[in-house]
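Student: let's see this in three dimensions:
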Amino acid sequence: MLTDIRAEITKQVHRPAIWLLLGIAVVQTLTFAYVIPYAGFTGTTEGPVSRGLAAMLPEQFVASAIGGLPLFVGALALIFGVLVAGSEYGWETWKTVLSQRPSRIRAYSAKLITVAAGVFVFVVALLAFAAAASVVVAALENQPMNWPSVVDILTGFGAGWLVTMMWGALGVVLGIVFRGVAMPIGLGLVWMLAVQNLLSSIAAPLLGWVDDMQKGLPGPNAGALVASLIGSGPPGVDPIVGGGQATVVIVAYLLAFSVMGGWLLQRRDIK
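Tutor: Residues are numbered from 1 along each chain as shown. Have a look, this model is predicted:
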């Protein structure tokens, strides 16, 4: 099993697309959490520390790092999961992989563990770059460098990993269901960035049953989990349910996606 995992991780590490996704996640987070807010602060604000500046200081770096995970960075995690599982169909290498002795479940488990390791790196990188950016802002504005507690950092990391892993596991399932890359990425992004937002912003305020339904969907619960730690504000971050319920729902979806992907790969023919 360790050999399968090492081979899968080596394969993904050498793919430029994976590093591009990580780079986009970091640039996106820094741009919307620090660059644009700081440009607005220096151009329009005078006097004592404002709420905008306070959000960019080291004490709030965890919130800045995980605020985009439920929606924008989550979409990148979904693409990552699709690439890990769906590319084998486009390359027509599933038969080659399975002929090297690993069973389908072992090969699938190696891919799922690779996705888990990949989103681990994603979240750690976002926390590290957000911390560095917050230090720069504090130094430029001569502000104290107060840091959140270790517990707060670990809690933020755990919530961030759980959210991104859920989306990554969904990407794996979509890659297996549609046996490719283009279709699952397109459908996944349409759901996350369009349908999900339309349900929350347009349908839910008008229809009570839609409002109740969205409390059981993965996206709103991902946003609610992050909101329980940082409050509302970023797109997709809204405390529609409590943090405990959101955690249970996300774990349930993660397990369901993981089991579904393995079951489909085991039962369907490799084409």
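
Student: name the helix or strand for residue 223, please.
Tutor: In this structure, residue 223 is located in helix 218-230 according to DSSP states H and E.

Student: what's the following helix or strand after that helix?
Tutor: Heading C-terminal from helix 218-230, the first helix or strand you meet, by DSSP H and E, is helix 243-267.

Student: can you pull out the low-pLDDT segments for this protein?
Tutor: 44-51, 270-271 (pLDDT under 70).

Student: quick one: residue 167 and residue 72 touch, right?
Tutor: No - with contact defined as CB atoms under 8 Å, residue 167 does not count as touching residue 72 (10.8 Å). All C-beta spots, glycine's among them, are computed from the backbone N, C-alpha and C.

Student: give me the contact list for the helix holding residue 223.
Tutor: Among residues not part of helix 218-230, those counted as contacts by CB atoms under 8 Å, 6 or more residues apart in numbering are 62-63, 66-67, 69-71, 74, 155-156, 159-160, 162-163, 166-167, 170, 192, 196, 200, 214-215, 234, 236-243, 245-247, 249-250, 253.

Student: among these, name the buried ones.
Tutor: With neighbours counted by 16 or more other CB atoms under 10 Å, the contacts of helix 218-230 contain buried members at 62-63, 66-67, 69-71, 74, 155-156, 159-160, 162-163, 166-167, 170, 192, 196, 200, 214, 234, 236-241, 243, 245-247, 249-250, 253.

Student: in stretch 109-119, what's buried?
Tutor: Neighbour-count burial for stretch 109-119 flags 109-112, 114-116, 118-119 (criterion: 16+ other CB under 10 Å).

Student: so what touches it?
Tutor: Judged by CB under 8 Å, 6+ apart, the contacts made with stretch 109-119 from elsewhere in the structure are 1, 4-5, 7-9, 12, 18, 77, 80-81, 84-85, 102, 161, 164-165, 168-169, 171-172, 258, 261-262.

Student: next SSE downstream of the top helix by length along the chain?
Tutor: Longest helix in the chain by number of residues, with DSSP state H as the criterion: helix 104-140. Stepping forward along the backbone from helix 104-140, the first helix or strand reached (DSSP H and E) is helix 150-178.

Student: tell me what that following helix is packed against?
Tutor: Counting contacts by 3 or more CB pairs under 8 Å, 6 or more residues apart in numbering; DSSP states H and E, helix 150-178 packs against helix 61-66, helix 74-91, helix 104-140, helix 182-190, helix 218-230, helix 243-267.

Student: and the next helix or strand past the second one?
Tutor: To tie it back to what came earlier, the one meant is helix 74-91. Toward the C-terminus, helix 74-91 is succeeded by helix 94-98 as the next helix or strand (DSSP H and E).

Student: ok, residue 88 to residue 196 distance?
Tutor: In this structure, residue 88 lies at 28 Å from residue 196, with CB to CB, to the nearest Å as the measure.
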